[in-house]
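Peer 1: Next input, structure requested:
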Amino acid sequence: MQVNIPVRISIAGALLFLCFSGCGDDEPVAPNPPGEPAIQSVSPQSGSIGAIVIITGSNFSPVATLDTVLFNGRRAVVDSASHIRIVTMVPESTTSGPILLIIRQDTILGGNFTITQPAWIATGSMANARFGHSSTALANGTVLVAGGNTGTCELFSPSTNSWTPAASMSRERTFHSATLLRDGRVLVAGGLSDNPRSCELYNPQSDTWTITGILNFEREYHSATLLGNGRVIVTGGVSGTGFLPFCEIYDPNSGTWSVVDSMSVGRAFHAVFLLSTNNVLVVSGETSVCELFNAASGQWSSTASLPTSRAFGAGATIRGGDIVFTGGAEASAPSSNTNRYSINGGSWTLAGEMGVPRINHEAVTLPTHGTILVCGGDSNGKLSSSCEVYGRTGQWIETSSMSTRRAFHRATALPSGAILVSGGQTPTPAYSCEIYLP
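Peer 2: The predicted structure is shown next:
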């Protein structure tokens, strides 16, 4: 949206707006750059409560507390500010209407913002029913699903909301890992198959699979994470000997795996996160112990533990880099507890309780909001279609439910910020898919 000529309001009117948004507070004093503030664009121009909105222009105050943004009269939190860019979020309880930016005595109209409601929409079904499969967003904007009690693969196109067949893997796989490499290929490793050490690479440009180096240990229910140096670390999993503490790293240049430092405990059904520090955080896996892997030194170190032992939970990164870990089996029963890991303090704090206890659910970052969506799972022996969003205020907010109850499904962020959910147990393996519009 272009606003080339700012709409200006009188100083008296501006002062009224300022009083509405907190007159009398002690505020830091920082002079604006020369010239009158002007808005060039507001993006997006519609969205739901909590959506991130970016305002660009000129002569803004770089002190966030001196930039007041109103959505139809409701004051929004300014997350960051510079002379040319303001990042804010749609405030709670607001309705469709004008955006106003107030900087000192200047009030600028940023056009109208339309409030939308989150919703699930149906999309094309897969040709093959799947659960425990992998779902990988490719560099070209499509999504590759692979395996899930089959060796077949399919590609989802967001532009057509439809699926097309892709080349099949060399073997059936379930509960394997799939990792997007820097060069655009996808590394698939291990899983329930006739050879749990086998690995292969998918090339989206040629739609072909090629065999690559085998794992040093049989693995299923493990995790794989792309490191900042372009290599892939695989952690834990189940083998014939039980839960594995062993880890290994894949080098895409040589196509080989190398054993690295082991974790302090064996784990499977766990969650792994690449932190903004480039360390890798491993969480749960039928244990409360959490650990950090330093890719530079190749060593594991301890960090704060979860309050209780968990498995089959799910987590995602929120805006700012912290991790929110949700649900999981706690004392053999699904839990509604959630915890937040601070990357600065290296500690866990309670993040509230979800409305529904869950295991075998999905948690995915909402790119448009910087928060996370939790969907589906098993809740006390019953499959769930319910969904919740972790709000910026640290509370769980119920959102629109999926049309189908699912567990062991996959949730993948699309380039638009929408979320594609595919397959799962419903209770039989599912062909169906749906898309969440945040």
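Peer 1: C-alpha from now on. contacts and neighbour counts both.
Peer 2: Will do.
Peer 1: Endpoints of stretch 60-74, how far apart?
Peer 2: With Cα to Cα, to the nearest Å as the measure, stretch 60-74 spans 20 Å from end to end.
Peer 1: correction: stretch 273-286
Peer 2: First-to-last residue span, stretch 273-286, Cα to Cα: 17 Å.
Peer 1: same question, stretch 188-195
Peer 2: Start-to-end, stretch 188-195 (Cα to Cα) is 13 Å.
Peer 1: start at 16 instead
Peer 2: Okay, using 16 as the starting number, the last item reads as stretch 203-210.
Peer 1: Show me what that stretch is in contact with.
Peer 2: Around stretch 203-210, the neighbours that count as contacts under Cα atoms under 8 Å, 6 or more residues apart in numbering are 186-194, 211-217, 230, 233-237.
Peer 1: what does the average pLDDT come to for it?
Peer 2: For stretch 203-210, mean pLDDT is 97.
Peer 1: Pull out the buried residues from it.
Peer 2: Val203, Ala204, Gly205, Gly206, Leu207, Ser208 (16 or more other Cα atoms under 10 Å).
Peer 1: Include secondary structure and distance to Thr386 when you put these into a markdown table, please.
Peer 2: Formatted as a markdown table, the buried residues of stretch 203-210 follow (DSSP: H, G, I helix; E, B strand; the rest coil; distance: Cα to Cα, whole Å):
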| residue | secondary structure | distance to Thr386 |
| --- | --- | --- |
| Val203 | strand | 28 |
| Ala204 | strand | 29 |
| Gly205 | coil | 31 |
| Gly206 | coil | 30 |
| Leu207 | strand | 32 |
| Ser208 | coil | 35 |
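Peer 1: about what we covered before: can you tell me which of the contacts of stretch 203-210 are in strands?
Peer 2: With DSSP state E as the criterion, strands contain Ser192, Ala193, Thr194, Cys214, Glu215, Leu216, Tyr217 from among these.
Peer 1: could the residues you listed be laid out in CSV, adding distance to Val102?
Peer 2: Listed next are those as CSV, based on distance: Cα to Cα, whole Å:
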residue, distance to Val102
Ser192, 35
Ala193, 33
Thr194, 31
Cys214, 42
Glu215, 42
Leu216, 39
Tyr217, 38
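Peer 1: so which of those comes closest to Ser394?
Peer 2: In terms of Cα to Cα, no member of the ones in strands among the contacts of stretch 203-210 lies closer to Ser394 than Ser192, at 24.8 Å.
Peer 1: can you give me the helices in this protein?
Peer 2: For the chain, the helices defined by DSSP state H occupy 26-35.
Peer 1: picking up where we left off before, now flag whichever of the buried residues of stretch 203-210 is closest to Thr165.
Peer 2: Nearest to Thr165 among these, with distances taken as Cα to Cα, is Ser208, at 9.4 Å.
Peer 1: middle-most residue in this protein, spatially?
Peer 2: Thr380 (1.9 Å; Cα atoms, centre = their mean).
Peer 1: Is it correct that that residue is in contact with Ile333?
Peer 2: Yes: counting by Cα atoms under 8 Å, Thr380 touches Ile333, with 6.5 Å between them.
Peer 1: Identify the contacts common to the two.
Peer 2: Thr386, Ile387.
Peer 1: can I get the buried residues of stretch 203-210 in CSV with distance to Ser357?
Peer 2: Shown next, in CSV, are the buried residues of stretch 203-210 (distance: Cα to Cα, whole Å):
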residue, distance to Ser357
Val203, 31
Ala204, 30
Gly205, 31
Gly206, 31
Leu207, 34
Ser208, 37
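Peer 1: how close does Val339 sit to Ala204?
Peer 2: In terms of Cα to Cα, Val339 sits 26 Å off from Ala204.
Peer 1: residues in contact with Ser185?
Peer 2: Gly166, Glu215, Trp224, Ile226.
Peer 1: what are the bridge partners for Phe58, then?
Peer 2: No, residue 58 isn't Phe; it's Ser. Ile69 (DSSP bridges).
Peer 1: what's the offset of the lengthiest strand in the chain from the middle of its chain?
Peer 2: Taking DSSP E as the assignment, the strand of the chain that covers the most residues is strand 362-373. Strand 362-373 sits 17 Å away from the centroid of its parent chain (Cα atoms, centre = their mean, to the nearest Å).
Peer 1: That strand - contacts with which helices or strands?
Peer 2: strand 348-357, strand 393-394, strand 411-414 (3 or more Cα pairs under 8 Å, 6 or more residues apart in numbering; DSSP states H and E).
Peer 1: Quick check: can you list the domain ranges of the chain?
Peer 2: 26-130, 134-452 (automatic domain parsing).
Peer 1: right, so those domains: which one is the most enclosed?
Peer 2: Most buried of the domains of the chain by mean neighbour count (mean count of other Cα atoms under 10 Å) is domain 134-452; its value is a mean of 20.
Peer 1: Kindly check the end-to-end length of it for me.
Peer 2: 5 Å.
Peer 1: Please, where are all the strands along the stretch 16-165 of the chain?
Peer 2: 53-58, 61-62, 67-73, 82-86, 89-90, 93-96, 100-104, 112-118, 121-130, 134-137, 149-152, 158-161 (DSSP state E, counting those that start in this stretch).
Peer 1: Quick one: distance of the longest one to the chain centre.
Peer 2: Offset of strand 121-130 from its chain centre (Cα atoms, centre = their mean): 29 Å.
Peer 1: and if you look at the first one?
Peer 2: Its chain's C-alpha centre lies 27 Å from the corresponding centre of strand 53-58 when counted by Cα atoms, centre = their mean.
Peer 1: relative orientation of it and strand 67-73 in degrees?
Peer 2: 160 degrees (axes from the mean of the first three to the mean of the last three Cα atoms, to 10 degrees).
Peer 1: okay, the residue nearest to Pro52 when sequence neighbours are not counted: pLDDT?
Peer 2: Nearest non-adjacent residue to Pro52, counting by Cα to Cα, 6 or more residues apart in numbering: Asn74, 4.6 Å away. pLDDT for Asn74: 94.
Peer 1: Also Ala29?
Peer 2: With respect to pLDDT, Ala29 scores 37.
Peer 1: ok, so what distance separates the closest residue to Ile387 other than its chain neighbours from Ala428?
Peer 2: Leaving aside its chain neighbours, Ile387 sits nearest to Thr380 (4.3 Å; criterion: Cα to Cα, 6+ apart). To Ala428, Thr380 is 8 Å away according to Cα to Cα.
Peer 1: repeat for Gln120
Peer 2: For Gln120 relative to Ala428 (Cα to Cα), the value is 41 Å.
Peer 1: Pull the contacting residues for the residue nearest to the centre of the chain.
Peer 2: Contacts of Thr380 by Cα under 8 Å, 6+ apart are Ala331, Thr332, Ile333, Thr386, Ile387, Leu388, Ala428.
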